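> what follows is a predicted protein model with its sequence.
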Amino acid sequence: MISAFCDWLDATALSQTFKDLTWFVPLVQTVHILCVAVVVTATAMTDCKLLGIPVGRQSLAEMVGDLMPWVWIALCVLLATGALLTITEPSRELLNTAFRIKMLMVLALAAMLRIIQRGLRDGPDHWTQSRNRRHAARLMGAVSLLLAVSIVVAGRWIAYI
């Protein structure tokens, strides 16, 4: 079923137009990669704070307040640019195991970032109020950092699988 959808999408005029424009894929990939950099950098900075590694002078709450709007904007742009790239080469993306794993990891990372952000709505010291919360924060920081790196690796593997 997915294969048939890929064949149909690949044959559309839109897909053919995107393929014919020699500048299209490099431009969209460049925007995509820049947005990946925004998400990974903001995530890494937040994760370092959660892990207790000093990064800058801001508190975790201030950092999350400053960075998360950029992360959500970048994730929206990533969705748009990813859709454009998928329209251009649907089989390369949608039939690829690395792509599917990457998408699941992106959803998991977004959910974790949202949990971190929502916890701070209870107060700027939410993640340090108790021993259990400090442990949860460290665990989320480690898992989130691992997910961010794994997403980049999976994104690179798409070209080789």
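It's in.

> from here on, contacts and neighbour counts on C-alpha atoms
Fine.

> how about the most centrally placed residue in the chain, secondary structure?
Nearest to the geometric centre of the chain sits residue 106, at 4.7 Å (Cα atoms, centre = their mean). Following DSSP: H, G, I helix; E, B strand; the rest coil, residue 106 is assigned to helix.

> surely it touches residue 151?
Yes. Residue 106 is within contact range of residue 151, at 6.8 Å (criterion: Cα atoms under 8 Å).

> hmm, who's touching stretch 116-133?
Contacts made with stretch 116-133 from outside it, assessed by Cα atoms under 8 Å, 6 or more residues apart in numbering, are listed as 60, 61, 64, 65, 68, 134, 136, 137.

> show me which of those residues are buried.
Taking 16 or more other Cα atoms under 10 Å as the criterion, what is buried in these is 60, 61, 64, 68, 134, 136, 137.

> element containing residue 124, please.
Assigned by DSSP states H and E, residue 124 falls within no helix or strand.

> ok, so what distance separates it from residue 109?
21 Å (Cα to Cα, to the nearest Å).

> the two: which is more packed in?
A count of neighbours by other Cα atoms under 10 Å puts residue 109 above the other of residue 124 and residue 109, at 21 against 14.

> show me what contacts the more buried one?
Residue 109 makes contacts with 144, 147, 148, as judged by Cα under 8 Å, 6+ apart.

> could you pull up the mean pLDDT of the helix or strand hosting residue 36?
Assessed by DSSP H and E, residue 36 sits inside helix 24-50. Mean pLDDT, helix 24-50: 96.

> report the distance from it to the chain centre.
In terms of Cα atoms, centre = their mean, to the nearest Å, the centre of helix 24-50 is found 7 Å from the chain centre.

> for that helix, which positions count as buried?
Here helix 24-50 shows 25, 28-29, 31-32, 35-36, 38-50 as buried, counting by 16+ other Cα under 10 Å.

> please apply the same query to stretch 8-28.
Quick answer for stretch 8-28 (16+ other Cα under 10 Å): 9, 10, 15, 18, 19, 25, 28.

> the helices in the chain, which residues?
2-11, 13-20, 24-50, 60-88, 90-94, 97-121, 131-157 (DSSP state H).

> so residue 35 touches residue 79, yeah?
No. Between residue 35 and residue 79 no contact is recorded; they are 10.1 Å apart, counting by Cα under 8 Å.
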